[in-house]
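S.K.: generate coordinates for the sequence data below:
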Amino acid sequence: MVKLIESFVIKPAGHTPNGLMSLSDFDQVAAITHAPIVYFYQGPIDFNSFIFTLKDSLAKVLVPFYPLAGRLRSIGEGRFEVDYDPIGAQFLVAESEATIEYFGDFHPTPELRALVPLVDSKAPLHEQPLLLVQVTKLSCGGICLGMAVSHIMVDGPSGFHFTIEWARIARGEELSNPPFLDRTVLQVNNPLLPPGFDHPEYSSPPLLVGRLDAMEERMKKTMMFTLKLTKKEVDKLKDKANNGRNNINARSYSRFEAVAGHMWRCACKARRHVSQQTTRLYFPMDVRNRIEPPLPKFYFGNAMCRAAASSTSGEILSNPLSYASSKIREAVDKATDEYLRSSMRLVKNLEDVSQYRNFHSPGCTQGAFHGNPNMAINSWTRLPMYGADFGWGKEIYIGPAALGSEGKSVIINSSQEDDSFDIVLNLQVAHMEDFKKFFYEDI
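M.R.: Numbers count the residues shown, from 1 in each chain. As a prediction, the model looks like this:
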C-alpha cells in the first residue's frame with residue numbers, strides 16, 4: 001500500500017529558452033507512453049534531507065535538460081513537437097509499509113508499479129508532464145526513486161545520461177556532460193526520395209497461422225517474471241552460438257546475439273508453433289555511431305533504430321543456436337548509414353505515423369503487436385545504468401517497473417556487476433512455465 005504525502009511541480013531553477021522544438025523521425029515512432037523505472041537505495045536515509053536534495057537538484061538539472069520541463073504538442077498525422085515553455089516536472093512524495101525485501105527479485109508487479117507515478121492518460125497530451133518522479137519511503141528505512149519519462153523524448157542512453165547528471169548535481173558537483181539538444185542533426189536529407197530498402201521492421205508483424213488479426217493474442221492473460229543468467233551461463237550460450245558458425249572467419253556472435261537467439265528459440269518452443277509459423281524478433285539498435293557522420297556526443301533524444309530478424313519457428317528449432325544468432329546478425333549488419341537514412345525517409349513520408357508507434361499499455365489495441373508469434377528484446381547491458389548516487393550511496397537495484405505488452409523483455413546487467421544478466425519478461429501465463437523450463441534445460 002502506497003500513501004501519497006505531497007505533490008509538487010518542479011520548474012527549472014534558471015532561465016531556459018521558450019519556443020518549439022521539432023522531433024526527429026526516430027522520436028516520432030517511439031512510444032508515446034512513459035517508461036517506468038525504479039531505483040532502490042538501502043537505508044537508513046534521512047528522508048527529509050533526501051527529498052530536499054532531490055527537489056533542489058532536479059530544479060537545477062532541468063536548466064540544461066530543459067526539454068523535459070516542457071510538454072508535447074500535436075502537429076497532426078500522429079506527429080508531435082515539444083513546447084519549451086517550462087511548465088515543469090511532477091514530483092511526488094509517498095510512503096509505503098513495504099520493505100525492500102518484500103519486492104524479492106524486483107520482477108514487475110502491481111506493487112512495484114505503484115512506486116512509479118502514473119500519468120493521467122485522460123488528460124490532454126499538452127497537459128501531461130514529460131517527466132514524473134516519485135520518492136517513496138519504505139518501512140525498512142530504504143527509499144525507492146521511481147521515474148516515468150516520456151519515451152518519445154528520450155531513449156535508454158539519454159534517459160540514464162539525465163539521471164547520472166541529476167545525481168552528480170545532487171552530490172554538489174558540477175554538470176559534467178551537457179546534453180546535445182539539437183535534434184535537427186537527425187533530419188532526413190532529400191526527404192522526397194523514396195526509401196532505398198525494404199524495411200520489415202515497419203511492416204505488419206507476422207500473425208499466428210490461420211489468424212486474421214492479433215486481437216485474441218493481445219487480450220490473453222500475461223505475467224511478468226525475472227530469470228537469472230550467471231556469467232558462466234552467458235559464456236556457455238555465447239560459446240554454443242559461435243561453435244556452430246558456418247563462417248569461422250566472421251566476427252564472433254556477441255553476448256546479446258547469443259542470449260537473444262536462445263530466448264527466441266525458447267519462445268518458439270514454449271508457444272508450440274507449427275513449423276511453418278513465421279516469427280520475428282524485434283530489437284532496438286543505437287545509431288549514434290552508425291550514422292555518418294556520427295551523432296554529437298551526449299545527443300539527447302531517441303537515436304534508436306528498430307531492427308527485426310525473421311525466420312520460421314521450424315527453421316529456428318531444427319537448427320542449432322547459431323542459426324537464430326545468425327538471423328539477428330543479419331539484421332544488425334543491415335543497419336548501415338544508407339539503410340538508416342532510408343528508414344528515416346520511410347517514416348518522414350508516412351501520412352500517419354501512429355500505426356508504426358509502439359504502445360506499452362497492457363491490452364492496448366493501438367500500434368503494432370510484437371507478442372506471439374513474435375518477440376521484442378531490449379538490451380540495457382551497454383547502458384550507463386548504475387552509479388546514480390544522490391549522496392547516500394549507490395543504488396542496490398535498478399530496473400523496469402513494468403513491461404506493457406506480451407512478448408516484451410529487457411536484458412539488464414545484474415546489480416552484482418559480475419557480468420551476469422537479469423532477464424525481465426512478459427509472456428502469456430500459458431507459456432511461462434515451459435519457457436522457464438526450456439530456458440535452463442537448453443543452455
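
S.K.: give me the element Met224 is part of.
M.R.: In the assignment (DSSP states H and E), Met224 maps to strand 222-229.

S.K.: distance from the chain centre to that strand, please.
M.R.: Offset of strand 222-229 from its chain centre (Cα atoms, centre = their mean, to the nearest Å): 16 Å.

S.K.: how about that strand as PDB, C-alpha atoms only?
M.R.: Provided in PDB are the C-alpha atoms of strand 222-229 (Å, rounded to 0.1, in the frame of the first residue of the first chain):
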ATOM      1  CA  THR A 222       0.200 -12.400 -19.200                       C
ATOM      2  CA  MET A 223       2.700 -12.500 -16.300                       C
ATOM      3  CA  MET A 224       6.000 -10.700 -15.800                       C
ATOM      4  CA  PHE A 225       8.900 -12.600 -14.300                       C
ATOM      5  CA  THR A 226      12.700 -12.400 -14.000                       C
ATOM      6  CA  LEU A 227      15.200 -15.100 -15.000                       C
ATOM      7  CA  LYS A 228      18.900 -15.100 -13.900                       C
ATOM      8  CA  LEU A 229      21.800 -15.900 -16.100                       C
END
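
S.K.: please identify the buried residues of it?
M.R.: Using 16 or more other Cβ atoms under 10 Å as the test for burial, strand 222-229 gives Thr222, Met223, Met224, Phe225, Thr226, Leu227, Leu229. Using the backbone N, CA and C atoms, a C-beta is placed for each residue, glycine as well.

S.K.: what strands line up against that strand, and which way round?
M.R.: Sheet pairing of strand 222-229 (DSSP bridges) gives strand 421-428 (antiparallel).

S.K.: in the strand it pairs with, what's buried?
M.R.: Neighbour counts using 16+ other Cβ under 10 Å place Phe421, Asp422, Ile423, Val424, Leu425, Asn426, Leu427, Gln428 of strand 421-428 among the buried residues.

S.K.: likewise for stretch 348-356?
M.R.: Under 16+ other Cβ under 10 Å, the buried positions of stretch 348-356 are Lys348, Leu350, Val353, Ser354, Tyr356.

S.K.: what sits up against the strand holding Met224?
M.R.: Strand 222-229 is contacted from outside by 105-109, 237, 259, 362, 402-403, 406, 414, 420-429, 432, 436, 439, using Cβ atoms under 8 Å, 6 or more residues apart in numbering.

S.K.: same thing with stretch 341-357?
M.R.: Applying Cβ under 8 Å, 6+ apart, the contact partners of stretch 341-357 are 24-26, 28-32, 77-79, 186, 188-197, 199, 201-202, 291, 305, 366-368.

S.K.: repeat the analysis, applying 7 Å as the threshold.
M.R.: 25, 28-29, 31-32, 77-79, 188-189, 191, 193-197, 199, 202, 305, 367-368 (Cβ atoms under 7 Å, 6 or more residues apart in numbering).

S.K.: quick check: end-to-end length of it?
M.R.: For stretch 341-357, the first-to-last residue distance is 18 Å (Cα to Cα, to the nearest Å).

S.K.: could you give the average pLDDT over it?
M.R.: For stretch 341-357, mean pLDDT rounds to 89.

S.K.: how about stretch 300-316?
M.R.: Average pLDDT, stretch 300-316: 97.

S.K.: mean confidence for the following helix or strand past the strand holding Met224?
M.R.: Sequence-wise, the next helix or strand downstream of strand 222-229 (DSSP H and E) is helix 231-243. Averaged over helix 231-243, pLDDT sits at 96.

S.K.: what of stretch 147-167?
M.R.: For stretch 147-167, mean pLDDT rounds to 96.

S.K.: CA atoms of it as CSV?
M.R.: Extracted in CSV, the C-alpha atoms of stretch 147-167 (Å, rounded to 0.1, in the frame of the first residue of the first chain):
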residue,chain,number,x,y,z
MET,A,147,10.7,7.7,-12.6
ALA,A,148,8.4,7.9,-15.5
VAL,A,149,10.0,9.5,-18.6
SER,A,150,8.2,10.1,-21.9
HIS,A,151,9.7,7.7,-24.4
ILE,A,152,9.0,10.0,-27.3
MET,A,153,11.6,12.3,-25.6
VAL,A,154,14.4,10.0,-24.7
ASP,A,155,15.8,6.6,-25.4
GLY,A,156,17.8,4.5,-22.8
PRO,A,157,21.2,6.2,-23.2
SER,A,158,19.6,9.7,-23.0
GLY,A,159,17.4,8.7,-20.0
PHE,A,160,20.3,7.3,-18.0
HIS,A,161,22.5,10.3,-19.0
PHE,A,162,19.9,12.6,-17.4
THR,A,163,19.7,10.6,-14.2
ILE,A,164,23.5,10.4,-13.8
GLU,A,165,23.9,14.2,-14.3
TRP,A,166,21.0,14.8,-11.8
ALA,A,167,22.7,12.6,-9.2
